[in-house]
Structure formats: C-alpha cells, structure tokens
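> sequence and predicted structure, then a few things I'm wondering about:
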Amino acid sequence: MPRFGVRRAVAGALVAVVLLVVPMACSDNSTPAAGEPTADCAASSALKSSLDTLTKVEPLQDGLTALNTAVADVKTSLDAAAASASDALRPAVEGVKTAFSDLETVASGVTADNLRQKAPAISSALKQVGVAATSLGTALTESCPAR
C-alpha cells in the first residue's frame, strides 16, 4: 500500500507542475517589453531610413549607381514594411508605395545618356517620396513611441 501513496503523490506533483507551466507557456507574449520594437515598427523604421537615404540622392551629382542602390534598398524595405504593417501604419506605407511606384515609372529606362533629360522628373518624384517619408515618420512617432 505504501507504493500506491507514492504514486499518488508523484502524480499529484506532476499535475501541479503542469497546471503551473502550461498557462505560462500559452500566455500572450505578443505585447513587446518596453523599448522593444514590434515587427511592424521595426520594418517601417527601416523603410523610413532607406527613404531618407533615397531622398538625399541627387541624380546628376551622385550618378546612377547611387540612385539604383538607394532604389534597391527602398524596394527591399518597402516589401518588408508592407508585409508587416499594422492598421495604424498601413496608410503611410501605402502612401510610400504609391510615391515610390511613381518614382520607378519616371526613372525607368534612365541611362547615363538620358540622365540629364530625366533628372528634373526624377527630382520631382524624389520630392514626392520625401513627402511620403515624412508622413511615414509621423505615423511611426504616433504608433511606435519606443522608436
């Protein structure tokens, strides 16, 4: 009979451990700790940074390589931000997407030979990207205060 008492005690201890551990394992850890950026805030911040770099490019002075590199960085960041954008950040990310698409249209087919002719239109499109970047920055400040 003493064996039965030991089994019961071990079973009771196991049940107690399970009851203590399972709720902790299943708790909602989706709320970030203070200062820890959420995925949407981190991706949107990276997008804002790449946009800032892009809007500082001066096509005639910096050349096509600088423009193409900055455009490629924004594309990568924009895809990540669009995929993870929260409801609060989505409108600003969509605004960037639209302005960036316009820039891509204007800059398509640009070469060293026609850069001088396309530069004014590219500069104008870059300004619109800058406006969209400013809106994204405002949305980040409001939605991601830990930024």
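All right, it came through fine.
> what residues does the strand or helix carrying D102 touch?
Element membership of D102 [criterion: DSSP states H and E] is helix 90-107. Applying Cβ atoms under 8 Å, 6 or more residues apart in numbering, the set of residues contacting helix 90-107 from outside is 44, 47, 51, 67, 71, 74-75, 78, 81-82, 85, 118, 121-122, 124-126, 128-129, 131-133, 135-136, 138-140. Glycine gets a C-beta too; all of them are placed from N, C-alpha and C.
> buried ones among the residues you listed?
Burial by neighbour count, 16 or more other Cβ atoms under 10 Å: within the contacts of helix 90-107 this picks out 44, 47, 51, 67, 71, 74, 78, 81-82, 85, 118, 122, 125-126, 128-129, 132-133, 135-136, 139-140.
> which ones among those lie within strands?
Within the buried ones among the contacts of helix 90-107, membership in strands is found for no residue, as judged by DSSP state E.
> give me the subset of those lying in helices.
44, 47, 51, 67, 71, 74, 78, 81-82, 118, 122, 125-126, 128-129, 132-133, 135-136, 139-140 (DSSP state H).
> check contacts around the residue positioned nearest the centre of the chain.
Among the residues of the chain, the smallest C-alpha distance to the mean C-alpha position (Cα atoms, centre = their mean) belongs to A43, namely 1.5 Å. Taking Cβ under 8 Å, 6+ apart as the definition of contact, the neighbours of A43 are S77, A80, A81, A83, S84, A85.
> now render these as a markdown table, adding pLDDT and distance to E104.
As requested, the contacts of A43 are arranged in a markdown table below (pLDDT from 0 to 100; distance: Cβ to Cβ, whole Å):
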| residue | pLDDT | distance to E104 |
| --- | --- | --- |
| S77 | 94 | 14 |
| A80 | 93 | 17 |
| A81 | 93 | 16 |
| A83 | 93 | 19 |
| S84 | 92 | 22 |
| A85 | 90 | 20 |
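> over stretch 54-73, what's the mean pLDDT, rounded is fine.
Stretch 54-73 shows a mean pLDDT of 90 in the predicted model.
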